[in-house]
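Novice: What shape does this take:
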Amino acid sequence: MPSASALHLALLVGAHLVINGSCDVAGGSGSINALPAGGGSSRLAPSFDAATPRNVTALVGKSAYLSCRVRNLGNRTVSWIRHRDLHILTVGGYTYTSDQRFQATHSPQTDDWTLHIKWAQQRDAGVYECQVSTQPVRSFFVTLHVVVPSARILGGPDLHVDIGSTINLTCLIQFSPEPPAYIFWYHEDEVISYDSSRGGVSVVTEKGAATTSYLLVQDATPADSGRYSCSPSNAEVASVRVHVLNGERPAAMQTGSAGLSNSWRCIVALLAVAVLRAKLLHALLDS
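Specialist: Okay, the predicted model is just below:
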């Protein structure tokens, strides 16, 4: 049996290794960085770069790139696994799926092992595991989000304006790889003509990472009521229903259901304050 002094020395050495991070067990959320079986120099143990993005967003129909940076890989192998069905997609530089949209890329002299997904589909969304062939294995998880270009008209589904005021509709197009080539506005099923005999109709479009199109219809009349639709070239149609009212609401007032709800909250709050003041005044008079 070893002497007490030898055991004490071993404990000191072990504590020194732990304090200096040589026996690193943490590699960030979702990773397993235990030392490989058989010991060896801990400085050569594979580890994941904690700065690697764990959430990736890709546009439907475009390429998605999931990165995994492994330091001190040595002779181990990097594999990519899809968690939805636990399907092994790639091992090293080889693809192990019949879906040829998946491909592992690795540049020599770098730590990057990237899973390339061509023409990403919504069904590709989910968790992917980058796995290193140590014993036990070390894993790094990446979540892929696949988004579809979308359009929406702010303030819907119903807007109320007073007769004679301006109908102001805002259509927001998001998650588009590029701005739409064109945007058509419809009133019911008819394309809105900006140079029609009615006049007072204009459209302003601001293109960018998110594209915004504004439709302005001046001097609203009851004939301007109905469904308005925004139809971009690269997204689904968005619609809203406009109600032109004749004196039922304050002049030039335009609001959606959220604005109406806030107005009622204010009214209820004012009534509550009035009731409390009346009770307080009554109590003071009685005293």
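
Novice: so where's the stretch 101-250 of the chain uncertain?
Specialist: When residues are selected by pLDDT under 70, those of the stretch 101-250 of the chain lie in 247-250.

Novice: ok, 90 please
Specialist: 107-109, 148-149, 155-156, 174-181, 189, 193-200, 207-210, 233-236, 246-250 (pLDDT under 90).

Novice: For Val147, name its beta-bridge partners.
Specialist: Beta-bridge partners for Val147, by DSSP bridges, are Leu59.

Novice: and it, how many neighbours?
Specialist: 15 (other Cβ atoms under 10 Å). Heads up, the C-betas are built off the backbone N, CA and C, glycines and all.

Novice: how much space between it and Tyr186?
Specialist: Separation of Val147 from Tyr186 (Cβ to Cβ, to the nearest Å) stands at 25 Å.

Novice: leaving aside the residues next to it on the chain, what's closest to Gln122?
Specialist: Val146 (5.1 Å; Cβ to Cβ, 6 or more residues apart in numbering).

Novice: mind listing what the one you found touches?
Specialist: Thr57, Ala58, Leu59, Val60, Ala64, Ala120, Gln121, Gln122, Asp124, Ala125 (Cβ atoms under 8 Å, 6 or more residues apart in numbering).

Novice: got a list of what the first one touches?
Specialist: Contacts for Thr57 were tallied using Cβ under 8 Å, 6+ apart; they are Leu144, His145, Val146, Val147.

Novice: Which one of the contacts of Val146 is nearest to Trp113?
Specialist: Ala64 (14.9 Å; Cβ to Cβ).

Novice: Go through stretch 129-144 and flag the buried ones.
Specialist: Residues 129-134, 138-144 are the ones in stretch 129-144 that count as buried (16 or more other Cβ atoms under 10 Å).

Novice: Save the residues you listed as CSV, and put in distance to Val244 and secondary structure too.
Specialist: CSV is the format used below for those (distance: Cβ to Cβ, whole Å; DSSP: H, G, I helix; E, B strand; the rest coil):
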residue, distance to Val244, secondary structure
Glu129, 56, strand
Cys130, 57, strand
Gln131, 61, strand
Val132, 65, strand
Ser133, 68, coil
Thr134, 69, coil
Arg138, 64, strand
Ser139, 60, strand
Phe140, 57, strand
Phe141, 53, strand
Val142, 51, strand
Thr143, 46, strand
Leu144, 46, strand
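
Novice: In a strand, Gly74, correct?
Specialist: No: judged by DSSP: H, G, I helix; E, B strand; the rest coil, Gly74 forms no part of a strand; its state is coil.

Novice: What number of residues are in the vicinity of it?
Specialist: Gly74, neighbours per other Cβ under 10 Å, totals 12.

Novice: And for Ala125?
Specialist: Neighbours around Ala125, by other Cβ under 10 Å: 17.

Novice: Gly200 and Gln218: what is the separation?
Specialist: From Gly200 to Gln218 the distance is 4 Å (Cβ to Cβ).

Novice: what are the bridge partners for Phe140, then?
Specialist: Here Phe140, judged by DSSP bridges, has bridge partners Cys130.

Novice: Would you agree it is in contact with Thr52?
Specialist: Yes: using Cβ atoms under 8 Å, Phe140 makes contact with Thr52 at a distance of 7.0 Å.

Novice: got any residues that touch both of these two?
Specialist: With Cβ under 8 Å, 6+ apart as the test, Phe140 and Thr52 both reach Cys68.

Novice: Distance check, the residue nearest to Gln122 against Val60.
Specialist: Distance of Val146 to Val60, computed by Cβ to Cβ: 6 Å.

Novice: before we move on, what about Pro53?
Specialist: 19 Å.

Novice: For stretch 179-188, measure first residue to last.
Specialist: The straight-line separation of the ends of stretch 179-188 (Cα to Cα, to the nearest Å) is 25 Å.

Novice: ok, and for that stretch, which residues are buried?
Specialist: Pro179, Pro180, Ile183, Trp185, Tyr186, His187.

Novice: Columns distance to Val91 on top of the buried residues of stretch 129-144, output as JSON lines?
Specialist: Shown next, in JSON lines, are the buried residues of stretch 129-144 (distance: Cβ to Cβ, whole Å):
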{"residue": "Glu129", "distance to Val91": "13"}
{"residue": "Cys130", "distance to Val91": "12"}
{"residue": "Gln131", "distance to Val91": "9"}
{"residue": "Val132", "distance to Val91": "11"}
{"residue": "Ser133", "distance to Val91": "9"}
{"residue": "Thr134", "distance to Val91": "15"}
{"residue": "Arg138", "distance to Val91": "15"}
{"residue": "Ser139", "distance to Val91": "14"}
{"residue": "Phe140", "distance to Val91": "16"}
{"residue": "Phe141", "distance to Val91": "18"}
{"residue": "Val142", "distance to Val91": "17"}
{"residue": "Thr143", "distance to Val91": "22"}
{"residue": "Leu144", "distance to Val91": "19"}
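
Novice: Alright, calling it a day.
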